[in-house]
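[1] Just need the structure, nothing else, for what follows:
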Amino acid sequence: MVSERLGEYIEKKGFSFYAFENSLGAGRGSISKAVKEGKSIGSNVIENILSIYSDLNPIWLLTGTGTMFKEEKDFLLNKSVETYGLRTDRSVDGQQIPLYDIEAVAGLVPLFQDRTTQTPLDYISIPRLPKCDGAVYVTGDSMYPLLKSGDIVLYKEVNDIRNEIFWGEMYLLSMDMSGEEYITVKYIQKSEQIGFVKLVSQNKHHQDKDVEMTKIKALALVKASIRINSMH
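    Residues are numbered from 1 along each chain as shown. Here you go, the predicted model:
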């Protein structure tokens, strides 16, 4: 039965029913009641589950045939995923990484200050990624061809900007530029100027720039990127 298999999936992923229902926008207790009492689940709810939990095999859920999780080659079909992990990273299964709209949350600073008040556009689930706090869409071409406008970057927030930078790694950052917030993705390298960092682009048409560290108001280490491959 679908509800029974869904219960197995929720248990396997280590989710609470409350967190699972909340991610779907479903009423509290609606899924847990169906699972515990063996009741049917509406087709619109199943469709919503399969759209959010991309690693769940729909054939297994609906018929019990095959494996619970999609084969990785099927899961990554039409998606290019690149990871930029450190040696100390540990991959995590079952993450539900919130995807935010930067414009809707008014920038990185308020997003990092209180994620609990922000409503994600969606959730991303990809097997064996390093621990991530969130994801946002990239704009601009400063990191082209590694990243292009419309790609998604998944990030881990940096709490101590002055002391927790891994030099040479790629970062999502927010800077104060004459009172305006400027959000970009750059490599951060050491600067010859004291109190500064050097921001380096992948795109060689963009010049390196030294900026005062105090100008950086929010910082996150880029852990992975996703590019959706359009089908024509």
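
[2] Every contact and neighbour count from this point should use C-alpha atoms.
    Will do.

[3] Look at residue 51 and give its secondary structure.
    At residue 51, secondary structure determined by DSSP: H, G, I helix; E, B strand; the rest coil is helix.

[4] so how many other residues sit close to it?
    Using other Cα atoms under 10 Å, residue 51 has 16 other residues around it.

[5] Which parts of this structure belong to which domain?
    2-75, 79-228 (automatic domain parsing).

[6] Least confident of those domains, on average?
    Ranked by mean pLDDT, the domains of the chain end with domain 2-75 at the bottom, a mean of 84.

[7] Quick one: the helices in this protein, in order.
    Applying DSSP state H to the chain gives helices spanning 2-13, 17-24, 30-37, 43-52, 58-63, 72-75, 108-113.

[8] would TSV of those with distance to residue 211 be doable?
    Formatted as TSV, the helices of the chain follow (distance: least, Cα to Cα, whole Å):
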stretch	distance to residue 211
helix 2-13	43
helix 17-24	39
helix 30-37	50
helix 43-52	39
helix 58-63	49
helix 72-75	40
helix 108-113	18
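
[9] how far does stretch 137-157 stretch from start to finish?
    End-to-end distance for stretch 137-157: 16 Å, by Cα to Cα, to the nearest Å.

[10] And for that stretch, what's in contact with it?
    100-102, 112, 131-136, 172, 184-186, 201-203, 206, 219-228 (Cα atoms under 8 Å, 6 or more residues apart in numbering).

[11] hmm, which of the residues you listed are the buried ones?
    The neighbour count (16 or more other Cα atoms under 10 Å) marks 100-102, 112, 131-136, 172, 184-186, 201-202, 219-227 as buried among those.

[12] In strands, which of those residues appear?
    Of those, the ones assigned to strands by DSSP state E are 100, 134-136, 172, 184-186, 219-227.

[13] Run a quick neighbour tally on residue 90.
    Residue 90 is flanked by 12 other residues according to other Cα under 10 Å.

[14] Isn't it up against residue 130?
    Yes - between residue 90 and residue 130 there is a contact at 5.6 Å, judged by Cα atoms under 8 Å.

[15] For this structure, which residue occupies the most central location?
    residue 135 (3.3 Å; Cα atoms, centre = their mean).
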